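# Sequence first, predicted coordinates after that:
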Amino acid sequence: MDNIKSITALRGYSVLLVLLFHLNQEIFTNGFIGVDIFFVISGYLIAKIVEKYSKNEKNFFKHYFSRRLKRIFPGLTVVCLFTLLLGFFILSPNHFEDLQNQIFFSLLGVSNYYFYFNTDYFDLENIYRPLLHLWTIGLELQFYIFYPLLFIIVKKFFKKPEYSLIIAFVVFSLFSFLNYYFFNNFERTSFYSNLRFNEFFIGSIFYYFRNKLNNLIPSIFLYISYIYLLLIQFNIVKINILFFNIEIIVISLAVGIIIIKHQKVKDWVRFDNTYINYLGKISYSLYLFHYPIIIFYGYVVAEKLILIDYLILLFLIISLSILNYHYIEKKFYDFKK
């Protein structure tokens, strides 16, 4: 199986984890690691894309940013309009005013900093913020800008610019550790700030050094990575908030190992499952729409959800995601290139 198919399947698994986590955090306690899987995948793919387009330096930024804009903003704009419309009829005036701010900063690509200055990740008021999940999109957009600029600048001075990725990873990780252990606002900074770039850089490092790492890392580590992620998902291995940054790096390394080793080793994990791969294809739309639907539904129902509620939510989320993927994403973005 080629690498793109394994990445698509990983996207499917990761968005499923996030969806289940937001549906019921008590049962799917560690489903949030789906976001970290996304970050590593994004770092890997952006490194691949930048390497491809940087060969034509004259039109590099034009082609690169044109495709990034077409990939991100059509779906983002639609979910913001969808949320604004529903919010107008459903939310209280105060919550609707806050929603307008969420939309404004989300479309600017800096929603992570809006939430950084206005909320904690575990703030109870977050149940009234339908676009809280877009902090990750803001972070991705900022990485999409930062990474190619770093790569092009370093490339002008060094023959092997890929080694700068290791330095960048170390720097961001170091500041992340210092912030986490010496500042009181570690929760907000850890979830919303660019210090999370270290996870993207892990993905980029695995891309550039994939052949060396494939030879260096024994195949047994592929199975260890699978088992480790499964144990975390089922909360058998618990994530300790005191060592959160270290554990997130270990999770990111496990994802990187799976990406590069799965295509080289015949293993028992099926990445060609039709349903998981389709979830991977619609993962961006699914991620965009799942959270506002959950928040609005909870806002209206305002009771503890039962089985029928979860079935309704899944139907609404998957239906809107499929429509957005086929009629918005595919209309603006050529996935075959």
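Perfect, I can see it now.

# Next secondary structure element downstream of the helix or strand bottoming out on mean pLDDT in the chain?
Of all helical and strand segments in the chain, the minimum by mean pLDDT, DSSP states H and E falls on helix 186-192, at a mean of 64. On the C-terminal side of helix 186-192, the nearest following helix or strand under DSSP states H and E is helix 197-208.

# hmm, who's touching that next one?
Helix 197-208 is contacted by residues 36, 39-48, 51, 139, 143, 146-147, 162, 165-166, 168-169, 172-173, 176, 213, 248-249, 252-253, 255-257, 259-260 when judged by Cβ atoms under 8 Å, 6 or more residues apart in numbering. Every C-beta, even on glycine, is put in place using the N, C-alpha and C of the backbone.

# Tell me the buried residues in the helix or strand that that helix is followed by?
Going down the chain from helix 197-208, the next helix or strand is helix 210-216, by DSSP H and E. Going by neighbour count (16 or more other Cβ atoms under 10 Å), the buried part of helix 210-216 is 210, 213-214.

# Put together a markdown table for the residues you listed, with distance to Lys304 and pLDDT on each row.
As requested, these are exported to a markdown table (distance: Cβ to Cβ, whole Å; pLDDT from 0 to 100):
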| residue | distance to Lys304 | pLDDT |
| --- | --- | --- |
| Arg210 | 47 | 92 |
| Leu213 | 47 | 94 |
| Asn214 | 48 | 92 |
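
# Can you tell me which of the contacts of helix 197-208 end up in strands?
Per DSSP state E, strands hold no members of the contacts of helix 197-208.

# Just give me the residue right at the centre of the protein.
In the chain, the centroid-proximal residue (Cα atoms, centre = their mean) is Phe38; its distance is 3.6 Å.

# So for that residue, what's the nearest residue that isn't a sequence neighbour?
In space, and not counting its chain neighbours, Phe38 is closest to Ser14: 5.4 Å by Cβ to Cβ, 6 or more residues apart in numbering.

# got the CA positions of the host helix or strand of the one you found in CSV?
Element membership for Ser14 (DSSP H and E) is helix 3-23. What follows is helix 3-23, C-alpha atoms only, in CSV (Å, rounded to 0.1, in the frame of the first residue of the first chain):
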residue,chain,number,x,y,z
ASN,A,3,2.1,6.1,1.6
ILE,A,4,-0.9,8.4,0.6
LYS,A,5,-3.4,5.6,1.4
SER,A,6,-1.9,5.0,4.8
ILE,A,7,-2.0,8.7,5.5
THR,A,8,-5.7,8.9,4.4
ALA,A,9,-6.5,6.0,6.7
LEU,A,10,-4.6,7.7,9.6
ARG,A,11,-6.7,10.8,9.0
GLY,A,12,-9.8,8.7,9.2
TYR,A,13,-8.8,7.1,12.5
SER,A,14,-7.7,10.5,13.9
VAL,A,15,-11.0,12.4,13.0
LEU,A,16,-13.0,9.5,14.4
LEU,A,17,-11.1,9.8,17.7
VAL,A,18,-11.8,13.6,17.9
LEU,A,19,-15.4,13.1,17.0
LEU,A,20,-15.9,10.4,19.7
PHE,A,21,-14.1,12.6,22.2
HIS,A,22,-16.4,15.5,21.6
LEU,A,23,-19.5,13.4,21.7
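
# which residues sit against stretch 322-337?
With Cβ under 8 Å, 6+ apart as the test, stretch 322-337 has contacts from 67, 70-71, 74-75, 78-79, 281-282, 284-285, 288-289.

# Buried residues of stretch 177-184, list them for me.
By neighbour count on 16+ other Cβ under 10 Å, the buried set for stretch 177-184 is 179-180.

# Now a ChimeraX select for only the buried ones of the contacts of helix 197-208.
In ChimeraX syntax, the buried subset of the contacts of helix 197-208 is picked out as below (16+ other Cβ under 10 Å):
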select :36,39,40,41,42,43,44,45,46,47,48,139,143,147,162,165,168,169,172,173,176,213,248,249,252,253,255,256,257,259,260
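
# Can you flag which of the contacts of helix 197-208 belong to helices?
The helices, defined by DSSP state H, take in 36, 39-48, 51, 139, 143, 146-147, 165-166, 168-169, 172-173, 176, 213, 248-249, 252-253, 255-257, 259-260 from the contacts of helix 197-208.
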